[in-house]
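1. Got a predicted model here, sequence first, then my questions.
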Amino acid sequence: MKKLSSFMKKASVIGLGLLSPFVMAANYDVVILNGRVIDPETNFDAIANVGIKDNKIISVTTDKITGSQIIDATGKVVAPGFIDVHAHGQNIGDYRMQAMQGVTTMLELESGVLPISDWYATQGEKGLPLNYGAAAGWTYARIATFSDTKPEATAGYFQAAQSRNDWKMDIATPEQESKIMKLIEQGLDEGGLGIGINAGYAPGHGQKEYYSLAELAAERDVATFTHVRYASNAEPQSSFEAVKELVGNAAITGAHMHLCHINSTSLKDIDTILPMVNKAQEQGINVTVGAYPWGAASTVVGAAMFSGEGWRERMGSTAENFQLGKERMTEEQLADYQANKPGTFIVWHFLDESNPADLAKLDASILNPNVLIESDEMFWMHMDEEGHIDNYAGDEWPLPTDLFSHPRSNGTFAKVLRMYVRERGLLSMTEALRKMTLMPARLIEDFAPQMKYKGRIQPNMDADIVVFDPDTIADVGTYQDPNHPAVGVHWLLVNGKVVVNNTELDTSVKAGKPIRREQKK
C-alpha cells in the first residue's frame, strides 16, 4: 500500500483527487486485475487493479473491485496505450496492425494533409479502432499552389505529384507563398494539429518560407513537425545544416518545432547533430525530437533527396540500399522506377544494425532521454505482376499474405520493449513507456487538450490502455517478411472498449475518436 499511497498523493497534487470508498466499491464496466500498473507521469509502479466506467479510468487501487468484464492481468504490465505521432498509413488495415502492438492513438503529423475537414470526415466514416488526427500539410499546400489544383486529403495526391519538380525545388513567388500560407491557415482553422513540414520532399523551398511557417506556428500557438530539408553526411546542404536551420527558426520565433525521426535524417552524423539539439534544449529553445529503432527508412523512390549531382556519395547509397517489396533493387530497376513510377514507396537502408558502430548510432537517438518514440508507420501495400504498387485499403483481417510494408509499421513499439528493455537492458520499463506514452501526449497537449487525458494511468484519464506480457512482447515482421503482427499484447482498450481481447483483434470494435483542435467558426 505504500506505493499506492504515494500514487494517490501525487494524483491529488495534480488535481485528480483521492478515491472515495464509494468509488472503490463501484461496479465498473471493465476491471483489470492483478497487473503491474505503471504510470509514467507519477512513477507509480505496483501490482494493482484498474476500474473503468464508460471511457474513463475511475480507480487505481489494491482493493477488490468488480465489473461487467474482468481482465486477469496477472504477470502482465498495464500501461497507457502507445501514442504514435508519426503515422502515414491511414487505412483500416494500418490501424489494425498498430493495435496489435499496443498503439491506441495514430496521428499523421509529419506529412500532414489538406484539406483537414475532408480528411477528418473520411476517417470518421471508416470505423477505425484507434484514435486519429492530422496536422495541416505544407507539402499538400505547395503541390496545390504549384500545380494550380485543389489539394486532396489522400496519399495518392502526394504520390502523384512526385513526377513534378517545381513544388520540390522552386522558391515560391510572394503570391505563391501567400497562397501556401492561406491553405495552411485554413487547415489550422479546421482543427489541424499543427503544421506538418515534410521539407525533405521539397528541399528547394526558400529560407523565408520556412521561417514564415515557424512564425505562423508561434502566432497560432501550435507546433511544427519537420522532416528536415537535407539528408547528407557531407557539407554543404548536410543534415547538420538542415537541423541547425530548424533550431535557428525555433530560437528566433519562439515556435515549438518538433524534429521528426532524428535517427534517419541524421544518417551517420548523429554524433554531431544530437549534441547540437541537446544544447538548444538546455538553453530553453522549444525543440522536441522523435526517433524510431530501425536502420532503414521508407519513402518514395522519386524523393528529391535521391536526385541531383552527387546524391549517392552524399548519402552513401547505391541501388543495393533500396528495397522494392521484399527484394533489393538493381541499378536498372532504380532508374526505371525513378523515371516512370516515382511515387512508388520503397525501403531505404542507411544503417546496418548488425554492425556495432552503426548500432551505436541508432542507440544514441533511442536512448537519449529527450527523444520520444515515433514509428514513421507506412502503408501496407501490394504489387501487381507488372511491378505497380498500390496502398491496401481493404478490410480483410488478417491482412492478405501478399502485402508488405516497412516492419516499423507493425513493430516499432514492440521492438523497443523487446530489444531495449528485455534483451539488452538499456532502458527501464518505466522509461521506455514514458517515451511511448507520456512524452507523445505532452508533445501536443498544450494546443490539443484531449491529449491531457492520454498517456497516463490515473483516475479521470481516458481508458486507452495496453496490457502486455513483458516476457514475450516482440516485433515479428522483418524487412524480407514484414507481414506478421507483433506478439505479446493480450488486451488493448481504446476509450474503454476492448479492441484486442486475449491476443485476438476484435474487428467489430470501432472505438477510435478524432483528436482535433477546436475549429474556428
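-> Here it is on my side, so go on.

2. For Met429, grab the count of nearby residues.
-> Using other CB atoms under 10 Å, Met429 has 17 other residues around it. Yep, even glycine has a C-beta here, placed from its N, CA and C like the rest.

3. Do I have it right that it meets Lys76?
-> No - the criterion here is CB atoms under 8 Å, and Met429 misses it with Lys76 at 11.9 Å.

4. which residues are common contacts for the two?
-> Pro470 (CB atoms under 8 Å, 6 or more residues apart in numbering).

5. unless I'm mixing things up, Lys452 is touching Glu445, no?
-> Yes - the criterion here is CB under 8 Å, and Lys452 meets it with Glu445 at 4.7 Å.

6. Which parts of the stretch 251-400 of the chain are helices?
-> For the stretch 251-400 of the chain, applying DSSP state H, counting those that start in this stretch gives helices covering 262-265, 270-282, 311-315, 331-340, 356-367.

7. so what does the fourth one touch, helix or strand wise?
-> Helix 331-340 makes packing contacts with strand 322-324 when contacts are defined by 3 or more CB pairs under 8 Å, 6 or more residues apart in numbering; DSSP states H and E.

8. and what of the last one?
-> Using 3+ CB pairs under 8 Å, 6+ apart as the contact criterion, the neighbours of helix 356-367 among helices and strands are helix 262-265, helix 270-282, strand 287-291.

9. Which one of the ones you listed lies nearest to Leu128?
-> Evaluated over those, closeness to Leu128 peaks at strand 287-291, with 22.3 Å, by CB to CB.

10. Can you list the strands that the closest one pairs with?
-> strand 256-259 (parallel), strand 371-373 (parallel) (DSSP bridges).

11. neighbours around Tyr337, how many?
-> 21.

12. Look up the closest residue to it, ignoring the ones flanking it.
-> Of all residues not flanking Tyr337 in the chain, Val301 sits nearest, at 4.7 Å (CB to CB, 6 or more residues apart in numbering).

13. my guess is that neighbour contacts Asn340, does it?
-> No - under the criterion of CB under 8 Å, Val301 makes no contact with Asn340, lying 10.1 Å away.

14. related to what we said a few turns ago, out of the helices of the stretch 251-400 of the chain, flag the one nearest Ser375.
-> Nearest to Ser375, of those and by CB to CB, is helix 262-265 at 11.7 Å.

15. Name the residues that touch that closest one?
-> With CB under 8 Å, 6+ apart as the criterion, helix 262-265 contacts 200, 227-228, 231, 239, 242-243, 259, 270, 273-274, 277, 289-294, 297, 350, 361-362, 365-366, 371, 376.

16. What mean pLDDT does it get?
-> Mean pLDDT, computed over helix 262-265, is 95.

17. Give me whichever of the helices of the stretch 251-400 of the chain is most buried.
-> helix 262-265 (a mean of 26; mean count of other CB atoms under 10 Å).

18. mind checking pLDDT for Ser5?
-> 47.

19. Contact partners for Val103?
-> Contact analysis of Val103 by CB under 8 Å, 6+ apart lists 81-84, 130, 413.

20. Repeat that for Asn34.
-> 47, 49, 72-74 are the contacts of Asn34 under CB under 8 Å, 6+ apart.

21. List only buried entries from those residues.
-> 49, 73 (16 or more other CB atoms under 10 Å).

22. re earlier: let's have the helices of the stretch 251-400 of the chain in CSV, adding distance to Trp119.
-> Shown next, in CSV, are the helices of the stretch 251-400 of the chain (distance: least, CB to CB, whole Å):
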stretch, distance to Trp119
helix 262-265, 25
helix 270-282, 30
helix 311-315, 32
helix 331-340, 28
helix 356-367, 30
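
23. mean pLDDT for those helices: which is lowest?
-> Lowest mean pLDDT within these: helix 311-315, at a mean of 88.

24. which residues are contacting it?
-> Against helix 311-315 from outside (CB under 8 Å, 6+ apart): 231-234, 237, 267, 305-306, 317-318, 350.

25. Same list (the residues you listed) but as TSV, adding distance to Asp481 and neighbour count.
-> Shown next, in TSV, are these (distance: CB to CB, whole Å; neighbours: other CB atoms under 10 Å):
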residue	distance to Asp481	neighbour count
Ala231	27	28
Ser232	32	21
Asn233	30	16
Ala234	34	15
Gln237	36	15
Leu267	26	24
Met305	27	21
Phe306	25	21
Ser317	24	19
Thr318	24	12
Phe350	21	23
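
26. which two in those are spaced the farthest apart?
-> In terms of CB to CB, those reach their longest pairwise distance at Gln237 and Thr318, which sit 20.2 Å apart.

27. residues contacting the residue nearest the centre of the chain?
-> Centroid check for the chain by CA atoms, centre = their mean gives His86 as the closest residue, at 2.4 Å. By CB under 8 Å, 6+ apart, the contact set of His86 is 107, 109-110, 225, 260-261, 290, 292, 374-377.

28. can you tell me which of the helices of the stretch 251-400 of the chain comes nearest to Leu324?
-> helix 331-340 (6.5 Å).

29. any idea how far that closest one is from the chain center?
-> 30 Å (CA atoms, centre = their mean, to the nearest Å).

30. Give me the contact list for that helix.
-> Helix 331-340 has contacts (CB under 8 Å, 6+ apart) with 301-302, 306-307, 318-319, 322, 324, 329, 344, 346.

31. now do stretch 177-191
-> 112, 114-117, 120, 135-138, 140-142, 144-145, 151, 172, 194-195, 206, 208-209, 212-213, 216, 220, 222, 516-520.

32. and the closest residue to Met257 other than its chain neighbours, how many residues sit next to it?
-> Excluding the flanking residues, the one nearest Met257 by CB to CB, 6+ apart is Ala250, at 4.1 Å. By other CB under 10 Å, 25 other residues sit near Ala250.

33. then the helix or strand encompassing Ala250 to CSV, C-alphas only?
-> Using DSSP states H and E, Ala250 maps to helix 239-253. Presented in CSV, the C-alpha positions along helix 239-253 are these (Å, rounded to 0.1, in the frame of the first residue of the first chain):
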residue,chain,number,x,y,z
SER,A,239,21.7,17.0,-42.4
PHE,A,240,23.6,19.1,-39.8
GLU,A,241,22.8,22.3,-41.7
ALA,A,242,19.1,21.3,-42.0
VAL,A,243,18.7,20.6,-38.3
LYS,A,244,20.6,23.9,-37.5
GLU,A,245,18.1,25.7,-39.6
LEU,A,246,15.2,24.2,-37.6
VAL,A,247,16.8,25.1,-34.3
GLY,A,248,17.5,28.7,-35.5
ASN,A,249,13.9,29.2,-36.6
ALA,A,250,12.6,27.9,-33.2
ALA,A,251,15.1,30.2,-31.3
ILE,A,252,14.1,33.3,-33.3
THR,A,253,10.4,32.9,-33.5
